[in-house]
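J.: Here you go, sequence then predicted model.
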2 protein chains.
Amino acid sequence: MVMQARAVRTRQSLVQAAAELFATEGYARASLPVISERAGVSTGALHFHFASKSDLAGEVERAAADSVEELAERCRSAADTLLQSLVHTACSLLLAVVTDPVIRAGFRLSGDPSRKNGAQMLQWWRTWVHDLIVQAQREGELAQDVSVDAATTVIVAATAGFEVLGATDSDWLSVDRVTHLWTFLLPWLAGSPDHAPLLSGIGESLDELSE
Amino acid sequence: MVMQARAVRTRQSLVQAAAELFATEGYARASLPVISERAGVSTGALHFHFASKSDLAGEVERAAADSVEELAERCRSAADTLLQSLVHTACSLLLAVVTDPVIRAGFRLSGDPSRKNGAQMLQWWRTWVHDLIVQAQREGELAQDVSVDAATTVIVAATAGFEVLGATDSDWLSVDRVTHLWTFLLPWLAGSPDHAPLLSGIGESLDELSE
């Protein structure tokens, strides 16, 4: 039982260390000896848990997807409307890119050319946004002239852009910059000038997350 | 004189081969022997022209920036208004990411964690968009309630996002998807529902480029 708990901790340390290195150095440059050293485990232990670097990256991507899904569900259950949960999830996600190395690595691996077939995170995000927009349209939360495809395209592109720009300039992942985006997206999506209640929640929702 | 022309050709072949490899494999994985082989030159010739991989990447980035600036100037001189030149430049840029390996590599290196200090392309694009929006505001082309910062943020984030999403899913770099973006951005930027003339030019401008 004690051994099992230790194995779980070792695995988690390896995933954390790998995530940090994948995000800062890229997939190709991250080396297994450096990862095991950072995690404070032997290379033997690393190979006991993960057969290859690709395996380890797969585990980082799964852990990132789990965290993001959990975050999306939390935002969903706290929100009064679907659009509100969209705004809060998108904002929380960008903040999580700053504060959580695993989520950051999930996105970085998604756009890293040296990690083939690694675009799960961006694909997941596209599907999530699309499904939410479809539901919002059904519930009458979207303006009449907004198409589901156009809305999904703009939201997914803008948030993916924030992430890639934020990787080299952290200003992009600030509440101010993120609020710029939604101040502009919401009136168009909701077709109502009264989007203040949706936006006012951004700061609070980010505060909660950083606690 | 003949020798000089040959040196220029060798240099160009190396830049092209390097651009292709940087874009598909990432900076860390692209190896100098593979680049020289692809360029059809000896590794000695490569080292005669470029002291290191970082040097070669710098040359790819410069070549990409030159091409993009030229493209932006062409769009500017063909456009009737500043907003029109913005739309055409942004659309042409996304198409150029598909058709021109050097421009594609310029953007990919900009977001590649294994290429440190490589974000010039995205920074250049941000400055270019910002300056154009400032001018458009001065010329009275922007809607009254649009702030320069908000407009720059949304346009730069969305176009950077298209590029990163397009790297793994080429659907993102299609005229349809790009038109979605601008159908939505223009009414907000120009504050006028009559943006059809601006959008109608997209297809033609892309056609010209692909010729």
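T.: Ah, there it is. Numbers count the residues shown, from 1 in each chain, chains lettered A, B, ... in the order given.

J.: So which residue is dead centre in chain A?
T.: Closest to where the C-alpha atoms of chain A average out (Cα atoms, centre = their mean) is A:Leu93, at 4.6 Å.

J.: So which residues of chain A form helices?
T.: Remark: helices assigned in chain A by DSSP state H are A:2-25, A:32-39, A:43-49, A:53-78, A:82-99, A:101-110, A:120-138, A:148-168, A:175-190, A:196-210.

J.: Give me the contacts around stretch A:112-127.
T.: A:22, A:26-28, A:57, A:61, A:64-65, A:68, A:93, A:106-107, A:109-111, A:152, A:156, A:159-160, B:23-26, B:28-29, B:108, B:112-114, B:164-165, B:167-169 (Cβ atoms under 8 Å, 6 or more residues apart in numbering or on different chains). Glycine gets a C-beta too; all of them are placed from N, C-alpha and C.

J.: Give me the buried subset of these.
T.: Of all the contacts of stretch A:112-127 considered here, the ones buried according to neighbour count by 16 or more other Cβ atoms under 10 Å in any protein chain shown are A:22, A:26-28, A:57, A:61, A:64-65, A:68, A:93, A:106-107, A:109-111, A:152, A:156, A:159-160, B:23-26, B:28-29, B:108, B:112-114, B:164-165, B:167-168.

J.: picking up where we left off before, show me the residues around the residue nearest to the centre of chain A that make contact.
T.: A:Leu93 sits in contact with A:68, A:71-72, A:103, A:125, A:159, where contact means Cβ under 8 Å, 6+ apart.

J.: Among those residues, which one sits closest to chain B?
T.: The shortest distance between chain B and any of the contacts of A:Leu93, using Cβ to the nearest Cβ, involves A:Thr159 and amounts to 6.9 Å.

J.: The closest one and A:Ala90 touch, don't they?
T.: Yes - look at A:Thr159 against A:Ala90 with Cβ atoms under 8 Å: they come within range, at 5.4 Å.

J.: that older thread, closest one of the contacts of A:Leu93 to A:Ser13?
T.: Distance ranking of those against A:Ser13, using Cβ to Cβ, places A:Ile103 first at 17.3 Å.

J.: Run a quick neighbour tally on the closest one.
T.: The burial metric for A:Ile103, expressed as a neighbour count using other Cβ atoms under 10 Å in any protein chain shown, is 27.

J.: Then A:Arg62?
T.: With other Cβ under 10 Å as criterion, A:Arg62 counts 14.

J.: do A:Glu69 as well
T.: What A:Glu69 shows, counting by other Cβ under 10 Å, is a neighbour count of 12.

J.: distance of it from A:Ala105?
T.: Between A:Glu69 and A:Ala105 the distance is 16 Å, computed by Cβ to Cβ, to the nearest Å.

J.: do A:Trp124 as well
T.: According to Cβ to Cβ, A:Trp124 stands 14 Å off from A:Ala105.

J.: which of these two has more neighbours?
T.: The residue with more neighbours, out of A:Trp124 and A:Ala105 and counting by other Cβ under 10 Å, is A:Ala105; that gives 30 against 18.

J.: ok, now which ones touch that one?
T.: Applying Cβ under 8 Å, 6+ apart, we find A:Ala105 in contact with A:18-20, A:22-23, A:60-61, A:64.

J.: who's in contact with the residue lying closest to A:Ala150 once chain neighbours are set aside?
T.: Sequence neighbours aside, B:His180 is the residue nearest to A:Ala150 in space, at 4.4 Å (criterion: Cβ to Cβ, 6 or more residues apart in numbering or on different chains). For B:His180, the contacting residues are A:147, A:149-150, A:153-154, by Cβ under 8 Å, 6+ apart.

J.: Now do the same contact list for A:Trp172.
T.: Residues in contact with A:Trp172, defined by Cβ under 8 Å, 6+ apart, are A:162, A:165-166, B:157.

J.: for A:Arg29, same thing?
T.: Contacts for A:Arg29 were tallied using Cβ under 8 Å, 6+ apart; they are B:28, B:113-114.

J.: Got the phi and psi for it?
T.: Note on A:Arg29: its backbone torsions stand at phi -80, psi -20 [degrees, to the nearest 10].

J.: Same check on A:Ser114?
T.: Backbone torsions for A:Ser114, taken as degrees, to the nearest 10, come to phi -80, psi -10.

J.: Could you report the separation of it from B:Tyr27?
T.: When Cβ to Cβ is the yardstick, A:Ser114 and B:Tyr27 sit 8 Å from each other.

J.: Okay, buried residues for stretch A:35-47 please.
T.: Residues of stretch A:35-47 classed as buried: A:35-36, A:39, A:41, A:45-46 (neighbour count, 16+ other Cβ under 10 Å).

J.: Brilliant, that's me finished.
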